[in-house]
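Enquirer: Got a predicted model here, sequence first, then my questions.
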Amino acid sequence: MSAGTYTPRPGAAPLPRMIAAQTALETRMLLRNGEQLLLTVVIPALLLVLFSAVDVVDTGAGEPVDFLAPGVLALAVMSTAFTGQAIATGFERRYGVLKRLGASPLPRWALMTAKTFAVLVTEVLQIVLLTVIAFALGWSPQGNPFAVLLLLVLGTAAFSGLGLLMAGTLKAEATLAAANLVFLLLLVGGGVIVPLEKFPDAAQSVLGLLPIAALSDGLRDVLQHGASTPWGDLGILAGWAAAGLGAAARFFRWE
Amino acid sequence: MSSEPVVQARGLVKRYGDKTAVDGLDLVVAAGAVTAVLGPNGAGKTTTVEICEGYRRPDAGTVRVLGLDPVADAAALRPRVGVMLQSGGVYSGARAVEMLTHMAKLHAHPLDVGALVERLGLGGCGRTTYRRLSGGQQQRLALAMAVVGRPELVFLDEPTAGLDPQARRSTWDLIRELRADGVSTVLTTHFMDEAEELADDVAVIDAGRVVAQGSPERLCRGGAENTLRFTGRPGLDLGSLLKALPDGTRVAEITTGAYRVTGTIDPGLLATVTSWCAQHGVMPEGIAVERHTLEDVFLELTGKELRA
């Protein structure tokens, strides 16, 4: 390179360009990771197909897919916003990625915004895929699309807060283990494929307060039973979102 | 080149628990120069640089980088300062060129990524993900990320650690090119030869303080004494030699017939020694003046070997 190549000419790129570039990179990192895809795409799709086709779980009256599709959509949101994001961000913190980006012109809030956009892009891809599969299995959704959107957004906020709280406070390995364990426990105990009514009454009232239960129950109320706006479930999700994001903002450590 | 220093640190203190990493450190870094912060592992080099980068707040003292506060004015400083961390900083699944291209996109007037990749010999591994790069390739990518935004000032934390000699030379050349184009560089190192070869200014740091600062030549000449050695008949009367020499000079027979004169060795002193030998009928064999290296200076200042 010739003389003058390195002559200083500093400057940050315009904010929208930085956020767009960061979103694109974060999304590529999410989609390139094999384990992440297993969690976010393969497992929800398999559960949907398997439990719709084989009558293992008693899903109550009506087509199994009408019960399962809302639960699997809730699971998809959790897998990306919580499990995937927690693990990826935990390792980014461990390997100094967050630290290095902290010295770049990209503000920290813009990095978090880009991460959120990457999660939303991934969720759209998941929802499109799962919706196509569900329709192929004879799904007939009902209800208010706006209520569905609101549930998905609040669910994403709630799970992102919890995922980032975990990634920003625990060691990367602990986050990896805990995020997978929580995923499994919530998959079983959160009304995703096993109706909450199968659990004892006392357990039901506690499990019903979990974000995954609120999301799958809310989606089911709308998509399966045609409810207009499930305020109770939205309230639970909003509470988790406020608590999770608040705690993450307070306790997140960048290194 | 502006005359305003690019880094001014005064009385920096940083403690981690009951361990004091930086202990009243003063550092002034001149614009347009290569400044080496030299010291053994654990001397406080990284902590000092990370305070300048805005990663840590000092417990006491003040620091100004390009005239600004690294924490309070971080948003204004970040585009102007390039940072190379000691390790990591890249998504493990990102490809080398992809990450560099991304860093370029965060800046308004970045360098040409392709040319920089070629310059640093990263062309062959451009599509390799970070976790599969060799240690040396990871180092060079981190260096490229520090300069791609065309900063005024770069902080390089051990830029040549783990590099083979050829890659090390190539990194040194790049740092010289940065200087030629007016970029100020602060680098940490525990390699003496790196500081001697590359730096205009060396800050020797030990136990969290700067114990000496100056050009490599000045440090070697000024702080340390030089040595004159010769051999001759055993049991010479060193008392009379000492009387002939300037005050502060020391003379010793270190092994039988091997003599060492320590002090400011100049042509006058050399002439005094040889004429004293002539008067006493001594043929001084193997007479040699040893110039002190930065390594000797360091040993003298800190009582420690740099590389354990």
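Expert: Received, thanks.
Enquirer: the domain parsing of chain B - what is it?
Expert: Under the assignment named as automatic domain parsing, the residue ranges that make up the domains of chain B are B:7-221, B:225-291.
Enquirer: How many residues are close by residue A:121?
Expert: 17 (other Cβ atoms under 10 Å in any protein chain shown). For the C-beta atoms, the positions are set from N, CA and C on the backbone; glycine is no exception.
Enquirer: In stretch B:15-26, which residues are buried?
Expert: Across stretch B:15-26, burial judged by 16 or more other Cβ atoms under 10 Å in any protein chain shown covers B:20-23, B:25.
Enquirer: brain fart, stretch A:174-188
Expert: Across stretch A:174-188, burial judged by 16+ other Cβ under 10 Å covers A:175-176, A:178-179, A:182-183, A:186-187.
Enquirer: Let me see the backbone angles for the residue of the stretch 201-308 of chain B found nearest chain A.
Expert: Here the stretch 201-308 of chain B gets closest to chain A at one residue, residue B:201, 19.2 Å apart by Cβ to the nearest Cβ. The phi and psi torsions at residue B:201 (degrees, to the nearest 10) take the values phi -140, psi 140.
Enquirer: one step back: which among the buried residues of stretch B:15-26 gets closest to residue A:68?
Expert: Using Cβ to Cβ, the shortest approach to residue A:68 within the buried residues of stretch B:15-26 belongs to residue B:21, at 56.3 Å.
Enquirer: now what about the helix or strand hosting residue A:216, what contacts it?
Expert: Secondary-structure element containing residue A:216, defined by DSSP states H and E: helix A:211-223. The set of residues that contact helix A:211-223 without belonging to it, under Cβ atoms under 8 Å, 6 or more residues apart in numbering or on different chains, is A:66-67, A:69-71, A:73-75, A:77-78, A:141-144, A:147-148, A:151-152, A:155, A:158-159, A:162, A:186-187, A:190-192, A:196, A:207-208, A:227-230, A:232-234, A:236-237, A:240.
Enquirer: In the next helix or strand along the chain from it, which residues are buried?
Expert: Along the chain past helix A:211-223, the next helix or strand (assigned with DSSP H and E) turns out to be helix A:231-251. By neighbour count with 16+ other Cβ under 10 Å, helix A:231-251 contains the buried residues A:233-234, A:236-238, A:240-241, A:244-245, A:247-248.
Enquirer: Next, count neighbours for whichever residue of the stretch 101-250 of chain A sits closest to chain B.
Expert: Using Cβ to the nearest Cβ, the closest approach of the stretch 101-250 of chain A to chain B is made by residue A:103 at 4.0 Å. Here the count is done by other Cβ under 10 Å, and residue A:103 has 23 residues near it.
Enquirer: could you measure it against residue B:194, distance?
Expert: When Cβ to Cβ, to the nearest Å is the yardstick, residue A:103 and residue B:194 sit 23 Å from each other.
Enquirer: what do you get for residue A:126?
Expert: Counting by Cβ to Cβ, the separation of residue A:126 from residue B:194 is 51 Å.
Enquirer: try residue B:290
Expert: Summarising the geometry, the distance separating residue B:290 from residue B:194, computed by Cβ to Cβ, is 22 Å.
Enquirer: and residue 112, how many neighbours?
Expert: As the question left the chain open, I've gone with chain A. Neighbouring residues of residue A:112 were enumerated by other Cβ under 10 Å; the total is 18.
Enquirer: wait, chain B
Expert: Residues lying near residue B:112 (other Cβ under 10 Å) number 13.
Enquirer: got it, and the one 5 residues further on?
Expert: Using other Cβ under 10 Å, residue B:117 has 21 neighbouring residues.
Enquirer: ok, now residue B:143?
Expert: 24.
Enquirer: Say whether chain A is contacted by whichever strand or helix holds it.
Expert: Element membership for residue B:143 (DSSP H and E) is helix B:135-147. Yes: Helix B:135-147 lies in contact with chain A when judged by Cβ under 8 Å from any Cβ of the partner chain; the contacting residues are B:145, B:147.
Enquirer: Report the rounded mean pLDDT for the helix or strand just after that helix.
Expert: Following the chain from helix B:135-147 toward its C-terminal end, the next helix or strand by DSSP H and E is strand B:153-157. The predicted model assigns strand B:153-157 a mean pLDDT of 97.
Enquirer: What of stretch B:285-302?
Expert: If you average the pLDDT over stretch B:285-302, you get 79.
Enquirer: now do the same end-to-end measure for stretch B:217-229.
Expert: Across its full length, stretch B:217-229 reaches 22 Å end to end, with Cα to Cα, to the nearest Å as the criterion.
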